[in-house]
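**Q** Build me a model:
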Amino acid sequence: MRNTIVMVAGCLALSSPASAQDQPRQLKGGGHLLGETVEQFYSESGAAEVIHACEAHDWKTVTRLLKDEAHLSKTSAKDVCAEQEAVKQKAMSGARFETKGPGDPEGVRTDTFTLDGGHLVKIEMVYTTPNAHLEGLHPKSYAELFAGLKEAYGEPTKSYTEPVVNVYGVQSDAHRAIWMGKEDVILIVEQPGSDAWTKIVAATLAEYNHTLKGAKAANPLE
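**A** Numbering: from 1, shown residues only. Next up, the predicted model:
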């Protein structure tokens, strides 16, 4: 397959060197590369600055960096540092866990990362579409995000719609698509309606198969 890179930071971009057509593609979202090690994850994430401040016992900087965290009003910077270190050590031991990223506030996007076996195995990005236009926000629709993925990877392996019903009993058609790779999988899932959102997931093939085995629903995109 083409050597392609997904940059998900409000838009999608493609990099496909002609000389690397047989190389596996690289998927990047939320500032992280699928398959990167825990060490790489923490050196490149927003948590790196916090960890460095903790290691230097710079409590003032820790408090400044995490000033928006609600639990700081109840716990000291030292406690926060101990918690951060415990999470990092858990990840480095190979344990499986999820952690949130900073996302993209202007794009109304939240990021969730899954680490397992010392590597990043899943990147999940959820784009919310507010009911009303809000100044400074630039949400992206399913159509825009799907078009970006299609431009980067061509036609999906599978694309279809299925009916979904909201809390008011209103039925809508929700779009789904999947791109199967040799070593990874890309999914895009739409939730239409008043609380609309679109989810893009990049996962290693092993993680995708792991999810399928544990899934109760027949639909692999759910």
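**Q** Now do the longest helix belonging to the chain: distance to the chain's middle.
**A** In the chain, taking DSSP state H as the definition, the longest helix is helix 77-92. Chain-centre distance of helix 77-92: 22 Å, with CA atoms, centre = their mean, to the nearest Å.
**Q** which secondary structure elements does that helix contact?
**A** In terms of contacts (3 or more CB pairs under 8 Å, 6 or more residues apart in numbering; DSSP states H and E), helix 77-92 is packed against helix 38-44, helix 47-55, helix 59-65, strand 97-100. The way it works is simple: take the backbone N, C-alpha and C, and place the C-beta from them, glycine included.
**Q** nearest to residue 108, of the ones you listed?
**A** Nearest to residue 108 among those is strand 97-100; the distance by CB to CB comes to 15.0 Å.
**Q** Next SSE downstream of that closest one?
**A** Once the chain leaves strand 97-100, the next helix or strand it forms, by DSSP states H and E, is strand 109-116.
**Q** Now do that following strand and helix 77-92, the angle between them.
**A** Counting by axes from the mean of the first three to the mean of the last three CA atoms, to 10 degrees, strand 109-116 points 60 degrees away from the direction of helix 77-92.
**Q** which residues touch strand 109-116?
**A** Strand 109-116 is contacted from outside by 8, 10, 29-30, 32, 38, 41, 91, 94-104, 120-128, 140, 207, using CB atoms under 8 Å, 6 or more residues apart in numbering.
**Q** Show me the beta-bridge partners of the residue nearest the centre of the chain.
**A** Nearest to the mean C-alpha position of the chain, counting by CA atoms, centre = their mean, stands residue 124 at 2.7 Å. Beta-bridge pairing for residue 124 (DSSP bridges): residue 112, residue 201.
**Q** list the contacts for it?
**A** With contact set as CB under 8 Å, 6+ apart, residue 124 has these partners: 111, 112, 113, 114, 199, 200, 201.
**Q** mean confidence for the longest helix of the chain?
**A** Averaged over helix 77-92, pLDDT sits at 83.
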